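A.B. asks: Starting from these lines, generate the structure:
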Amino acid sequence: MFHRRAGNNRVAVLPSVPTAGNNPPVLFSIAGLNNPYGVFVDPTSGVIWVSNTNGNQVLQFASGVAVIENAKPSATLSAFGPVSVTTDPFGNPLIAEAGANRVGFYYPAIDYTTSAGGVPGQLSGNAANFFGRFAPGMLASIFSFPSAPFGAATASFTASPIATTLGDVQVSVGGTTAPLLYASPGQINFQVPDATPVGGLDEIQVARVSTGQVLASWLFQIDAESPGLFTVNGSGSGQVAALNQDDSLNNGANPAKAGSIVTLYATGQGPISGMPAAGQVAQGLFATTETPQVFINAGFVPPGDVRWSGLAPGFTGLWQINVKVPADAPPGDVVVFIIYGGVNSILDFNGIRRTTTIRTSP
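C.D. replies: This next block holds a predicted model:
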């Protein structure tokens, strides 16, 4: 039997109730607490949860003999005056927080770090440049921590409109399910629902459809725009995914001639009037609300040389920009990036910088 003793700042472990008798001895104590108000033992795993009330913490301890051998917490959650704790059917803690007048539901986190998926400089966010910003209609990627995979299956979408369930998982943004292009234990690619509110934090949640289990969750910034150029190697840096004026793939073997038109592919332009619902392909022309600034080689091209900016026909969530290469562009790899809504496609607010290029010739 576990008994919280707030005045003694400990949780006492006593003999089982049927055999304890009067004034049972304390077999073991979890000490060093600060006015603990609640203790809960998960009936399935035996894991011990303690609401360390005045410490504004909920502490997790190993089960059984393990906690006797090592009474240090295996996990610590910050909470506002927690007075009691329990778990859902999947072992996730539910905490009554008196300091916030709420019950908090705590789930494993989506990888929110600047090394998401174990790749330095990569964040959950834009699927093109992997910057940690989201925007309505954008193609996005999120990554899991190794300890909290997104299920067990790997699958890719096969038809349009793109479904919101893939590999027995769903992703919701602010409570709205998102179309899924790819799902695996470590990464999910999806389209942010087009009606997602902008200008603040919103919850992105991954759930297992068959059981209702929340696999991971986190609060992410949702902005009106989050521009990113797709690159050939899929890293967000290097040669961008671009077509030359003759529809050949821009690369070292097929450079764009100075003065010709190149087509750049991006995502993160944000809401567009009349844009198709999330998961639908763009049919017809849907121009962006403003003309992006496009930098090529040594400066921004004149606005009139940006011939088109809008949704790529026949695709979902893809942004197409047709732009004229400056006549004085030198041969070789030249820098290209865009600024849209004041947001730079190669500079993240964390200070992370990308280098994106196209290949040109005289």
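A.B. asks: residues near Q221, how many?
C.D. replies: 16 (other Cβ atoms under 10 Å). Bear in mind the C-beta positions are built from the backbone N, C-alpha and C, glycine included.
A.B. asks: how near is it to F337?
C.D. replies: 21 Å (Cβ to Cβ, to the nearest Å).
A.B. asks: you'd agree I95 is in a strand?
C.D. replies: Yes. Counting by DSSP: H, G, I helix; E, B strand; the rest coil, one finds I95 located in a strand.
A.B. asks: looking at it, it is touching S84, isn't it?
C.D. replies: Yes. Between I95 and S84 there is a contact under Cβ atoms under 8 Å: 7.5 Å.
A.B. asks: what about the two, which has more around it?
C.D. replies: Ranked by neighbour count (other Cβ under 10 Å), I95 and S84 place I95 first, with 25 against 19.
A.B. asks: residues touching the more buried one, list them.
C.D. replies: 51, 58, 77, 79, 82, 84-85, 103-104, 106 (Cβ atoms under 8 Å, 6 or more residues apart in numbering).
A.B. asks: Are any of those buried, and if so which?
C.D. replies: Among those, those classed as buried by 16 or more other Cβ atoms under 10 Å are 51, 58, 77, 79, 82, 84-85, 104, 106.
A.B. asks: Format those residues as JSON lines; extra columns: pLDDT, distance to G125 and secondary structure.
C.D. replies: Conversion of these to JSON lines gives the following (pLDDT from 0 to 100; distance: Cβ to Cβ, whole Å; DSSP: H, G, I helix; E, B strand; the rest coil):
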{"residue": "S51", "pLDDT": "92", "distance to G125": "34", "secondary structure": "strand"}
{"residue": "V58", "pLDDT": "95", "distance to G125": "29", "secondary structure": "strand"}
{"residue": "L77", "pLDDT": "93", "distance to G125": "25", "secondary structure": "strand"}
{"residue": "A79", "pLDDT": "94", "distance to G125": "27", "secondary structure": "coil"}
{"residue": "P82", "pLDDT": "95", "distance to G125": "31", "secondary structure": "strand"}
{"residue": "S84", "pLDDT": "94", "distance to G125": "36", "secondary structure": "strand"}
{"residue": "V85", "pLDDT": "95", "distance to G125": "32", "secondary structure": "strand"}
{"residue": "G104", "pLDDT": "93", "distance to G125": "25", "secondary structure": "strand"}
{"residue": "Y106", "pLDDT": "92", "distance to G125": "23", "secondary structure": "coil"}
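A.B. asks: Contact partners for V240?
C.D. replies: 229-232, 250, 264-265, 336, 356-358.
A.B. asks: Retrieve the pLDDT associated with it.
C.D. replies: Per-residue pLDDT puts V240 at 98.
A.B. asks: That one and V323, how far apart?
C.D. replies: 11 Å.
A.B. asks: what do you get for P82?
C.D. replies: Relative to V323, and taking Cβ to Cβ, P82 is found at 55 Å.
A.B. asks: I'd say A109 and A216 touch.
C.D. replies: Yes. Between A109 and A216 there is a contact under Cβ under 8 Å: 6.3 Å.
A.B. asks: Which of the two has more residues huddled nearby?
C.D. replies: Neighbours per residue (other Cβ under 10 Å) separate A109 from A216, with A216 holding more: 24 against 15.
A.B. asks: Contacts only, for that one.
C.D. replies: For A216, counting by Cβ under 8 Å, 6+ apart, the contacting residues are 107-110, 144-145, 148, 150, 205-206.
A.B. asks: Pull the number of nearby residues for A128.
C.D. replies: 29.
A.B. asks: ok, and the closest non-adjacent residue to N9?
C.D. replies: L33 (4.8 Å; Cβ to Cβ, 6 or more residues apart in numbering).
A.B. asks: helix, strand or coil for the one you found?
C.D. replies: Under three-state DSSP, L33 comes out as coil.
A.B. asks: Would you check how far apart it and P82 are?
C.D. replies: Applying Cβ to Cβ to L33 and P82 gives a distance of 12 Å.
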